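Peer 1: model this:
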Amino acid sequence: MAVYRKLAEKYPSFRERSETTDLIVEISLQPWEAFQPDGVIIFSDILTPLPAFGVPFDIEEVRGPVIQSPIRSEEGFASD
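Peer 2: Below you'll find the predicted structure:
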């Protein structure tokens with residue numbers, strides 16, 4: 001949607017768009033305002049909870065999500 005692309009130009013960080021309450025609401029309501037569907041799907045990202053679990057990540061423009069320290073073995077689950 002053009003209105004989303006315009007907002008994405010103003011807020012180029014996907015994480016900012018998916019983690020800022022006011023932006024989440026605005027993005028979620030864009031299709032409703034344009035088409036008046038029966039429901040609204042809340043805009044979010046599946047990775048949003050990761051920092052709360054101590055898993056930092058970035059979203060790179062071309063690569064997508066990048067987890068700085070991915071867990072690659074059972075030992076990675078061990079707590080200090």
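
Peer 1: what ranges do the strands span in this structure?
Peer 2: Under the criterion DSSP state E, the chain carries strands at the ranges 57-60, 64-67.

Peer 1: Please work out how many residues are found near the residue nearest to residue 56 when sequence neighbours are not counted.
Peer 2: Leaving out its chain neighbours, the residue that sits closest to residue 56 by Cβ to Cβ, 6 or more residues apart in numbering is residue 68, at 5.2 Å. Yep, even glycine has a C-beta here, placed from its N, CA and C like the rest. Neighbour count of residue 68, defined by other Cβ atoms under 10 Å: 8.

Peer 1: same deal with residue 31?
Peer 2: 17.

Peer 1: do residue 14 as well
Peer 2: 17.

Peer 1: Turn the strands of the chain into CSV, including distance to residue 1, mean neighbour count and mean pLDDT.
Peer 2: Formatted as CSV, the strands of the chain follow (distance: least, Cβ to Cβ, whole Å; neighbours: other Cβ atoms under 10 Å; pLDDT from 0 to 100):
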stretch, distance to residue 1, mean neighbour count, mean pLDDT
strand 57-60, 20, 13, 90
strand 64-67, 21, 12, 92
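
Peer 1: Check the average confidence over the longest helix seen in the chain, would you?
Peer 2: Ordering each helix of the chain by length in residues (DSSP state H) puts helix 21-35 first. The average pLDDT for helix 21-35 rounds to 96.

Peer 1: For that helix, which residues meet the burial criterion?
Peer 2: Of all the residues in helix 21-35, those buried under the rule 16 or more other Cβ atoms under 10 Å are 23, 24, 26, 27, 30, 31.

Peer 1: Now do residue 5 against residue 27, distance only.
Peer 2: Applying Cβ to Cβ, to the nearest Å, the value for residue 5 to residue 27 is 11 Å.

Peer 1: Kindly report the same for residue 44.
Peer 2: In this view, residue 44 and residue 27 are 9 Å apart by Cβ to Cβ.
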